[in-house]
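Peer 1: Next input, structure requested:
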Amino acid sequence: MEGLEADDAKYVGAFRGEPGLENVQVRIGTQYGVPADSVAEELQKFQVKLQESVGLLDEMLQPGQALTADQLGAVIVLCAWTHSEWVRIHPFANGNGRTARLWANSIALRYGLPPFVRLRPRPDGGYGAAGAQAMSGNWEPTAKVFHKMLNDLLNELESPGSVNESSEGT
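Peer 2: Here you go, the predicted structure:
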C-alpha cells in the first residue's frame, strides 16, 4: 500500500464502526455497504463461513492435484464469494477493493491457481459492475468476471512469446 494516501489518518488500520468511524458509510455506485454498526458482526459471520468453506475444499482437493472442471469452478466460486462478501461488508473506509482482490488471489494460490486478479489499477471487463452487485449480496457476477480473468491469464501464459516460453533455457 506504499504511496497511497488516506483522506484522514483515523481511517488507517481501523474498521468502520470503531471509535472515530462509527458513522462512516461507504458505497459503490448507488449500492451501500453494510451499516458501520454492523461491520463487526458481519466480519464474524464472514470468518466462520470462509473457514468452513476452505475446510471443505481442503478435504476435497489434494495438494499438487490437477483440478477437474468442477473443482476449478468450486475454487472460482469461493474466490468470488470471498471477494464479494468483503466488498459488501466494506470494513474499511478505503482499500476494500484491493483487500478483496488479495483475498481472491490468496485463495487461488492455495489451490494451485495463479493470482489472476490484478491489484492495481482496478481491473476492468465488468469488474466494477460486479462489485456494485456484490454490495447487494450477489456474488455470481463476480464469479463470471473471475472465470474470464483466469481464462485470459492462462491464454496469455500459453501464447507464443509469453513469459513461460520466453524464459525457457534461462
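Peer 1: Run a quick neighbour tally on residue 92.
Peer 2: When counting by other CB atoms under 10 Å, one arrives at 23 neighbours for residue 92. Just so you know, the C-beta spots here come from the backbone N, C-alpha and C atoms, and that holds for glycine as well.
Peer 1: how about stretch 103-118: buried residues?
Peer 2: Along stretch 103-118, the positions that meet the burial threshold by neighbour count (16 or more other CB atoms under 10 Å) are 103-105, 107-108, 110-111, 113, 116-117.
Peer 1: who's in contact with it?
Peer 2: Stretch 103-118 is contacted from outside by 54, 57, 61, 63-65, 67, 71-72, 75, 78-80, 82-83, 86, 101, 119, 123, 146, 149-150, 153-154, 157, using CB atoms under 8 Å, 6 or more residues apart in numbering.
Peer 1: repeat that with 6 Å
Peer 2: With contacts defined as CB atoms under 6 Å, 6 or more residues apart in numbering, stretch 103-118 is touched by 61, 75, 78-79, 82-83, 86, 101, 149-150, 153.
Peer 1: go on, stretch 143-157?
Peer 2: When contacts are defined by CB under 6 Å, 6+ apart, stretch 143-157 is touched by residues 76-77, 79-80, 116, 126-127, 130, 164.
Peer 1: repeat for stretch 32-49
Peer 2: By CB under 6 Å, 6+ apart, the list of residues contacting stretch 32-49 reads 15-17, 22, 24-26, 85, 89-91.
Peer 1: Can I have the buried ones of the residues you listed as a PyMOL selection?
Peer 2: Written as a PyMOL command, the selection of buried residues from the contacts of stretch 32-49, which uses 16+ other CB under 10 Å, is:
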select buried, resi 15+16+17+24+26+85+89+90+91
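Peer 1: which one among the contacts of stretch 32-49 gets closest to residue 97?
Peer 2: When the contacts of stretch 32-49 are compared for distance to residue 97, the smallest value, 9.3 Å, is given by residue 90; criterion: CB to CB.
Peer 1: what's the nearest residue to the closest one if we skip its chain neighbours?
Peer 2: Residue nearest to residue 90 in three dimensions, not counting chain neighbours: residue 33, with 3.1 Å by CB to CB, 6 or more residues apart in numbering.
Peer 1: that older thread, could you tell me which of the contacts of stretch 103-118 are located in helices?
Peer 2: Among the contacts of stretch 103-118, the members found in helices (DSSP state H) are 75, 78-79, 82-83, 86, 101, 149-150, 153.
Peer 1: I'd like those as a markdown table, with pLDDT, neighbour count and distance to residue 140 appended.
Peer 2: A markdown table is the format used below for the ones in helices among the contacts of stretch 103-118 (pLDDT from 0 to 100; neighbours: other CB atoms under 10 Å; distance: CB to CB, whole Å):
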| residue | pLDDT | neighbour count | distance to residue 140 |
| --- | --- | --- | --- |
| 75 | 96 | 21 | 15 |
| 78 | 98 | 23 | 13 |
| 79 | 97 | 30 | 13 |
| 82 | 98 | 22 | 14 |
| 83 | 96 | 29 | 12 |
| 86 | 96 | 25 | 16 |
| 101 | 95 | 23 | 18 |
| 149 | 94 | 21 | 15 |
| 150 | 95 | 19 | 16 |
| 153 | 92 | 16 | 21 |
